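1. Dropping the sequence and predicted coords here.
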There are 2 protein chains.
Amino acid sequence: MRIGFIGLGIMGRPMAKHLIDAGHELTVWNRSQPGIDDVVGHGGKAAPSPKDVAAASEVVFTMVGDSPDVEAVSLGADGIAAGASAGLIHVDCTTMSPSVTREIAAAYEAKGIELLDAPVSGGEGGAINATLSIMVGGKKDVFDRCLPLFEIVGKTITYCGPTGAGQTVKLCNQVAVSVTNMAVCESLVLAAKSGVSPETMLQAISGGAASSWQLLNLGPKMIERDFRPGFKVWHQQKDLRLALEVARDNALPLPATSLVAQLFASVEADGLREEGTQALVKALEKLADVSVGG
Amino acid sequence: MRIGFIGLGIMGRPMAKHLIDAGHELTVWNRSQPGIDDVVGHGGKAAPSPKDVAAASEVVFTMVGDSPDVEAVSLGADGIAAGASAGLIHVDCTTMSPSVTREIAAAYEAKGIELLDAPVSGGEGGAINATLSIMVGGKKDVFDRCLPLFEIVGKTITYCGPTGAGQTVKLCNQVAVSVTNMAVCESLVLAAKSGVSPETMLQAISGGAASSWQLLNLGPKMIERDFRPGFKVWHQQKDLRLALEVARDNALPLPATSLVAQLFASVEADGLREEGTQALVKALEKLADVSVGG
C-alpha cells in the first residue's frame, strides 16, 4: 500500500520502519532533517511537504507534538487536505485534543478525507518492539480497513467509538496512570518519614491490592534515584492539560488528577521537565523535607 | 504450642482454626458468644477473659477492631498483661495506631512481655485460604520464633523493622490502595462523561502502564454496579484516619490520601459505609451527575 508518514521523532521513526519492513511504500515528511535521513536510509522516500505526502498516499499517518501541529499538517496551506484525493485516510497517532480532532474531521468531510484518531501508549520501547497499545476513534469500517496496518505497529488495538473516542480513552489512561503514580509516591514518603525502609515497604505491599504497574516499575526507580525518562514529565503534563480541558468542557471535576498536575508543575518549577514521571515523588519530598532514597 | 486467640470475627475465626488444624492447643476469648462457639466447635478451649487466655498461653494473637480495643485486651484489668508470665509473646494482628502499639510495648517491658505488631492484608478470603500478607514489627529474634506460626496463617510474611513498623507498612499499603482506587474512579467518570463506554475504556487500558489490582478488580464492579464489600468503606476510612494521623504526627502532607478520605466521607454521608471500597466512584458520580454503569 502507498503510505505516508509525517512526524519522524522517537515514536514515528520505528513505526515508519515497521511499515516499510512489512512491504509498504512509504513517503515521509518531518520538520527537521535527521528523522527524514533515518527513514529514507531504511527505504522511505522523502516528500517536500505534507501536501506532497498526501498526494502520493492512500493512508497518511501523523505522529507530531500536539493539537496545533496536527492542525498545521492537516489543514495548513501545504497540509494533507491540500494534496489529498477523495478517499484518503488520515490516521493521527498524536495524543491531542478530542475536540480539535472532531474539528479536523468536520473540515475533511467536504473533501471526502477520512480521519481516525489513533493515539498510542507504550512509549519508545513499545514503538521499537511493535507492542504499542492503540486506541482508535472514527468510523468502524475505516478502522476495519486500517486494522492490518495497526497490527504492524502495535499489539493491543481497541476500537473505542466515533471520532475523538480514541483520544478520550488515551486521556483516561493518562488520568489513571498519573493518579496511580501519586499513590506510589504518597506510600513511599509515608514510609520514609515514619522511619521505615521504603524498599522493605514496597516489597511487602507489591503482591496485593496495592499493586500496580506504576508501583512495580516506578517505585524502585524512585528509591534508587533513577530519574531517566520512560515517559517525560512535560509529556505527562501536556496530556493532563488535555484531560483537564476535556473534563472542564464536560463540567466534570477530577480533583485527584488536578492535584497531580499541580505537583508536576512544582517538579517543572525545579527545572526537571525532561526527567521521567517518577520525579513526581520529588514534589512530595520537597513538601515534606524527606527523601525516599535508599 | 499453647496459643491464645482473642478476637474471633470474620478474620480471627479462620486464622484460629488454621492454628488448631496445624496441631496447636488454642485457648480463645471473644467479646460475643458466636465466635467462641464456632472455634470451640473446631477444637478450641474457651477462657473467661483475655487475662485467662494469657495465663494459659505461650503466644497470644489478637485480631480486634481498633487501637482502644487492643489497649483494653492488653492493659485492661482483665487484660493480657494481668495474666501473662514473663516471656509471653503477644502478636497483634489488628490494624491500629503505630504510636499506641509502641505505648503498649513500653508498658509490657517491665513485665517481660514481648509485642509484635503484625497487621494483615488479603481480607476474609486471604484468612480462609491462609494466603494473608503479614507485615511484622518488633524484635527480629521474636519475629524469627513466631515465623512458623505466621506461615500457618499467611503467605507473604515481611519483617518490617522495630515495634510499630508493621503497622506503618500496613498504613502505607492502605494509602497506595485508596489513591489507586481513586485513579480508577477518575478514569471511569472521564470516559462516561465524555460519552465513551467505560467498559471499552477499561479494556483498552488494562494491559499497560495504567494497570493495577484496583483497576482490574474494582473497575468492572463499578461498571456492573456490584457494591458488595471485599473491603468495607468504613474499614478503609478507619485505616485512612490512622494513616493521616501518622502523617500529621510526622509533619507529612499526604494531599491525595486526604482528598480520598474526604470523598469516602461523602460516601458515608449517603449511608453506604457497609459497601465495598468500589463505592468511592459514587462520590465522583454524584459530584459530576453521571454514572459509569453499563
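-> Thanks, I have it. Bear in mind that the values here come from a model prediction, so they are computed numbers and not experimental data.
2. switch to C-alpha atoms for all contacts and neighbour counts from now on
-> OK.
3. Identify the residues contacting residue A:27.
-> By C-alpha atoms under 8 Å, 6 or more residues apart in numbering or on different chains, residue A:27 lies in contact with A:2, A:3, A:4, A:5, A:44, A:45, A:46, A:47, A:53, A:56, A:57.
4. quick one, domains of chain A?
-> A:2-163, A:169-288 (automatic domain parsing).
5. Same list, the ones you listed, but as TSV with mean pLDDT and distance to residue B:65 please.
-> Supplementary listing: those in TSV, determined by pLDDT from 0 to 100; distance: least, C-alpha to C-alpha, whole Å:
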stretch	mean pLDDT	distance to residue B:65
domain A:2-163	97	44
domain A:169-288	97	21
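6. Just put those domains in JSON lines and tack on distance to residue B:90.
-> Shown next, in JSON lines, are the domains of chain A (distance: least, C-alpha to C-alpha, whole Å):
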{"stretch": "domain A:2-163", "distance to residue B:90": "49"}
{"stretch": "domain A:169-288", "distance to residue B:90": "22"}
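7. In helices, which of the contacts of residue A:27 appear?
-> Counting by DSSP state H, the part of those found in helices is residue A:53.
8. C-alpha coordinates for stretch A:280-287, CSV please?
-> Provided in CSV are the C-alpha atoms of stretch A:280-287 (Å, rounded to 0.1, in the frame of the first residue of the first chain):
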residue,chain,number,x,y,z
LEU,A,280,6.6,13.2,40.9
VAL,A,281,8.0,11.9,44.2
LYS,A,282,10.3,14.9,44.3
ALA,A,283,7.4,17.3,44.7
LEU,A,284,6.2,15.4,47.8
GLU,A,285,9.8,15.0,49.1
LYS,A,286,10.2,18.8,48.9
LEU,A,287,6.9,19.5,50.6
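9. quick one: that stretch near chain B?
-> Yes: part of stretch A:280-287 sits near chain B under the criterion C-alpha under 8 Å from any C-alpha of the partner chain, namely A:284, A:287.
10. chain center to that stretch: distance?
-> 25 Å (C-alpha atoms, centre = their mean, to the nearest Å).
11. try stretch A:165-184
-> Relative to its parent chain, stretch A:165-184 has a centroid offset of 11 Å by C-alpha atoms, centre = their mean.
12. So is it next to chain B?
-> Yes: interface with chain B: stretch A:165-184 contributes A:165, A:168-169, A:172-180, A:182-184 (C-alpha under 8 Å from any C-alpha).
13. how much space between the closest residue to residue A:274 other than its chain neighbours and residue A:267?
-> Once flanking residues are discounted, residue A:274 sits nearest to residue A:232: 5.5 Å by C-alpha to C-alpha, 6 or more residues apart in numbering or on different chains. Residue A:232 sits 11 Å away from residue A:267, going by C-alpha to C-alpha, to the nearest Å.
14. what's near enough to touch the closest residue to chain B within chain A?
-> Nearest residue of chain A to chain B: residue A:212, at 3.8 Å (C-alpha to the nearest C-alpha). Residue A:212 makes contact with A:180, A:206, B:210, B:211, B:212, B:213, according to C-alpha under 8 Å, 6+ apart.
15. Helix, strand or coil: sort out residue A:112 for me.
-> For residue A:112, the assignment made with DSSP: H, G, I helix; E, B strand; the rest coil gives coil.
16. Likewise for residue A:195?
-> Of the three states, residue A:195 takes coil under three-state DSSP.
17. Tell me if I am right that residue A:143 is in a strand.
-> No: using three-state DSSP, the assignment for residue A:143 is helix, not a strand.
18. Can you report how many residues neighbour residue A:211?
-> 22 (other C-alpha atoms under 10 Å in any protein chain shown).
19. Distance of it relative to residue A:219?
-> The spacing between residue A:211 and residue A:219, counted by C-alpha to C-alpha, is 11 Å.
20. same check, this time on residue A:64
-> Residue A:64 is 30 Å from residue A:219, where distance means C-alpha to C-alpha.
21. Repeat that for residue A:69.
-> 34 Å.
22. Who has more neighbours out of these two?
-> residue A:219 (25 against 16).
23. where along chain A do the helices fall?
-> A:12-21, A:33-40, A:50-55, A:67-75, A:80-83, A:98-109, A:123-128, A:140-153, A:165-193, A:198-205, A:213-224, A:233-249, A:255-269, A:280-288.
24. And stretch A:96-106, how far out from the chain middle?
-> On the basis of C-alpha atoms, centre = their mean, stretch A:96-106 sits 16 Å off its chain's mean C-alpha point.
25. Stretch A:164-178 now?
-> Distance of stretch A:164-178 from the chain centroid (C-alpha atoms, centre = their mean) equals 9 Å.
26. quick check, the longest strand along chain A touching chain B?
-> In terms of residue count, the longest strand belonging to chain A (DSSP state E) is strand A:154-161. Yes: using C-alpha under 8 Å from any C-alpha, we find that strand A:154-161 touches chain B at A:156, A:157, A:158, A:160, A:161.
27. Please list all residues in contact with residue A:211.
-> Neighbouring residues of residue A:211 by C-alpha under 8 Å, 6+ apart: A:205, B:177, B:212, B:213, B:214.
28. Try it again at 6 Å.
-> Residues near residue A:211 by C-alpha atoms under 6 Å, 6 or more residues apart in numbering or on different chains: B:212, B:213.
29. What about it? Give its phi and psi, please.
-> Taking degrees, to the nearest 10, you get phi -70, psi 150 for the backbone angles of residue A:211.
30. Kindly provide the distance from it to residue B:180.
-> Taking C-alpha to C-alpha, one finds residue A:211 at 9 Å from residue B:180.
31. and if you look at residue A:226?
-> Taking C-alpha to C-alpha, one finds residue A:226 at 23 Å from residue B:180.
32. In terms of neighbours, single out the busier of the two.
-> residue B:180 (35 against 15).
33. which non-adjacent residue is nearest that one?
-> Leaving aside its chain neighbours, residue B:180 sits nearest to residue A:180 (4.8 Å; criterion: C-alpha to C-alpha, 6+ apart).
34. from memory the one you found sits against residue B:182, does it?
-> No: if you go by C-alpha atoms under 6 Å, residue A:180 and residue B:182 don't touch, sitting 8.1 Å apart.
35. Can you tell me which of the residues of strand A:154-161 next to chain B has the largest number of neighbours?
-> residue A:160 (29 neighbours).
36. Enumerate every residue touching it.
-> The contact partners of residue A:160, taken as C-alpha under 6 Å, 6+ apart, are A:136, A:137, A:166.
37. who does the second one bridge with?
-> Read that as residue A:137. Beta-bridge partners recorded for residue A:137 (DSSP bridges): residue A:117, residue A:161.
38. Show me which residues of the stretch 101-250 of chain A sit near chain B.
-> Residues of the stretch 101-250 of chain A that fall close to chain B, judged by C-alpha under 6 Å from any C-alpha of the partner chain: A:158, A:169, A:172-173, A:175-177, A:179-180, A:183-184, A:187, A:201, A:204-205, A:209-213.
39. Out of these, which end up buried?
-> A:158, A:169, A:172-173, A:175-177, A:179-180, A:183-184, A:187, A:201, A:204-205, A:209-213 (16 or more other C-alpha atoms under 10 Å in any protein chain shown).
40. Run through the residues that contact residue A:51.
-> By C-alpha under 6 Å, 6+ apart, the neighbours of residue A:51 are A:78, A:79, A:80, A:82, A:83.
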